[in-house]
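In: below are the sequence and a predicted model; questions follow.
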Amino acid sequence: MDILAVIGAILGVGAIAGGVITAMSARIVTQYEKGLVFRFGRVVGTRDPGLRMLIPFVDRMRKVSTQIVTMPVPAQDGITRDNVTVRVDAVVYFRVIDPVCAVVEVQNYLFAVGQVAQTSLRSIIGKSDLDSLLSNREELNKGLEIMIDSPALGWGIHIDRVEIKDVSIPDSLKRSMSRQAEAERERRARVISAEGELQASTKLAQAGAQMAESPASLQLRLLETVVQVAAEKNSTLVLPFPVELLRFLERGTPSGTTGAGTAAEPTPTASESTPEITPPEPTPALGQGNTPVAEQDGMRP
């Protein structure tokens, strides 16, 4: 009995020790991770997701996430190529494609990517002008992505995309830009109005020339205008007087009669308003040498 008890105790202790060792050697790798195994400080390989066994006290596993990491880049102050002080912030999306390089080649790949993103953002600000920062966001994002991705490839990291979030400019510059935009809008409005006037004058000139060739069309236009005025249910009817009628009357009236009837008498001036009264000259006798005025004209009194 004593021997059986000892054997049972030994088996129990062995089972417990085996369970402890199994628990110490078992590792669970999730779906979005990669297990990097170190054996005596040396990388021996990676482990895929699932339940993985290690050699106790010999192997050590470090899990590396392969998910896309969203890293905001702090706002960076810089001076653009056209000497404007701006403040720009961005966001970087990246993921680990090689866990061995990400762990072995760089001490802290998250910190390294953040520092590269900040320096690249400052460089982009210095190489671009203000209009490019405000309008050509896509080109700047591509250039910034290339600048960050170049050193990150050696660290086993792939930059998916980089986006510039906001560009802050001084308030005085904002006011200047608003005035410039307002002036540009006003200039466009004036140009459009002038072009409309030019086109309208051209069409009116063509219409006038065509109506001058055909007087009947002018009369029809006159009648159409009268119809349009009468269609508004007004109590007053406006009937325009054709200029051609005045010209016809002017051609039909004799020039002498027109001049006598229409010519206005001259207004007497101040010197002619009060004529001087002179005594009448004496009429010469018939026997004298002077001839009466009536006889000079060939008329008898």
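Out: Nice, I can see it.
In: name whatever forms a beta bridge with the closest residue to R47 other than its chain neighbours.
Out: The spatially closest residue to R47, leaving aside those adjacent along the chain, is G35, at 3.3 Å (CB to CB, 6 or more residues apart in numbering). No exception for glycine: its C-beta is placed from N, CA and C like everyone else's. G35 has these beta-bridge partners by DSSP bridges: R47, K63.
In: tell me which residues touch Y109, please.
Out: Y109 makes contact with 96, 102-103, 155-157 under the criterion CB atoms under 8 Å, 6 or more residues apart in numbering.
In: A5 versus that one, what's the distance?
Out: To A5, Y109 is 57 Å away according to CB to CB, to the nearest Å.
In: residues touching the closest residue to L173 other than its chain neighbours, list them.
Out: When the adjacent residues along the chain are set aside, L173 lies closest to V84, with 6.7 Å between them (CB to CB, 6+ apart). Contacts for V84 (CB under 8 Å, 6+ apart) come out as 129-130, 169, 173.
In: show me which of these are buried.
Out: By neighbour count, with 16 or more other CB atoms under 10 Å, the contacts of V84 hold 130, 169 as buried.
In: between the contacts of V84, which is nearest A75?
Out: When those are ranked by distance to A75 (CB to CB), I169 comes first, at 12.6 Å.
In: the closest one contacts V86, doesn't it?
Out: Yes. Using CB atoms under 8 Å, I169 is in contact with V86, at 5.6 Å.
In: what's the overlap in contacts for those two?
Out: Common contacts of I169 and V86, defined by CB under 8 Å, 6+ apart, comprise L130.
In: would you list every one of the helices in the stretch 151-300 of the chain?
Out: In the stretch 151-300 of the chain, the helices defined using DSSP state H, counting those that start in this stretch lie at 171-213, 215-230, 243-252, 255-262, 293-296.
In: so which of those helices is the most packed in?
Out: Mean neighbours per residue, mean count of other CB atoms under 10 Å, is largest over the helices of the stretch 151-300 of the chain for helix 215-230, with a mean of 12.
In: I'd say E33 and K63 touch.
Out: Yes. Counting by CB under 8 Å, K63 is a contact partner of E33 at 4.7 Å.
In: the two: who's more crowded?
Out: More crowded of E33 and K63, by other CB atoms under 10 Å: E33, with 19 against 15.
In: let me know the secondary structure of Q31.
Out: coil (DSSP: H, G, I helix; E, B strand; the rest coil).
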